[in-house]
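Trainee: sequence isn't available, so here's the structure alone:
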């Protein structure tokens, strides 16, 4: 080992390359670069190794920026396509639910009408043509002509009020 050669820690190389210390460590690990010596727990690297690492990060940063933008755009477009598909499926589900609700309302209305007719026929109470039982005409007890409600017969009479 040459005594005049300057050795660099990972943190110093990271500062010079203007990248994160972890990035430098991963680059060293992935490329199986060995340290020149150790000082305590710190690994020291030669001037040549420092130059190689800095060069790798400087050329990589230009390509990485364009690749990152392209990758990000591609990923975003894929996500948009996925979300559009999900939105179409949800719209279809909403349309089906709306038609089912419409059918349910029609069935409820039909059932209520059938129940009323059934109740009217079972109590021998046929619906009259002139149904004015809700409002009484003025009589002796009601001389002012005020409206007075009379209860309807049948189970659903309270609905007609």
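Mentor: Arrived safely, thanks for sending. Everything numeric here is computed off the predicted structure, so don't read it as measured data.
Trainee: residue boundaries of the helices in this protein?
Mentor: Counting by DSSP state H, residue ranges of the helices within the chain are 10-17, 21-30, 47-122.
Trainee: low-confidence ranges, the protein, go.
Mentor: The model of the chain has pLDDT under 70 over residues 1-3, 59-68, 124-155, 157-158, 160-161.
Trainee: please identify the deepest-packed of the helices of the chain.
Mentor: For the helices of the chain, the largest average neighbour count (mean count of other C-beta atoms under 10 Å) is found in helix 10-17, namely a mean of 18. Backbone N, C-alpha and C define where each C-beta goes, glycine included.
Trainee: got the angle for that one vs helix 47-122?
Mentor: 80 degrees (axes from the mean of the first three to the mean of the last three C-alpha atoms, to 10 degrees).
Trainee: what is helix 10-17 packed up against?
Mentor: helix 21-30, helix 47-122 (3 or more C-beta pairs under 8 Å, 6 or more residues apart in numbering; DSSP states H and E).
Trainee: check the gap between residue 28 and residue 118 for me.
Mentor: 88 Å (C-beta to C-beta, to the nearest Å).
Trainee: ok, residue 86 next?
Mentor: Taken as C-beta to C-beta, the span from residue 86 to residue 118 is 47 Å.
Trainee: related to what we said a few turns ago, could the helices of the chain be laid out in TSV, adding distance to residue 159?
Mentor: Putting the helices of the chain into TSV (distance: least, C-beta to C-beta, whole Å) gives the following:
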stretch	distance to residue 159
helix 10-17	80
helix 21-30	73
helix 47-122	8
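Trainee: closest to residue 37 out of the ones you listed?
Mentor: Proximity to residue 37 (C-beta to C-beta) singles out helix 47-122 among these, at 11.7 Å.
Trainee: and the closest one, what other elements does it pack with?
Mentor: helix 10-17, helix 21-30.
Trainee: what sits against the residue nearest to residue 116 when sequence neighbours are not counted?
Mentor: Nearest residue to residue 116 in three dimensions, chain neighbours excluded: residue 156, at 5.4 Å (C-beta to C-beta, 6 or more residues apart in numbering). Counting by C-beta atoms under 8 Å, 6 or more residues apart in numbering, residue 156 touches 112, 115-116, 119.
Trainee: how about these in a markdown table, adding distance to residue 19?
Mentor: Compiled in a markdown table, those are given as follows (distance: C-beta to C-beta, whole Å):
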| residue | distance to residue 19 |
| --- | --- |
| 112 | 75 |
| 115 | 78 |
| 116 | 81 |
| 119 | 84 |
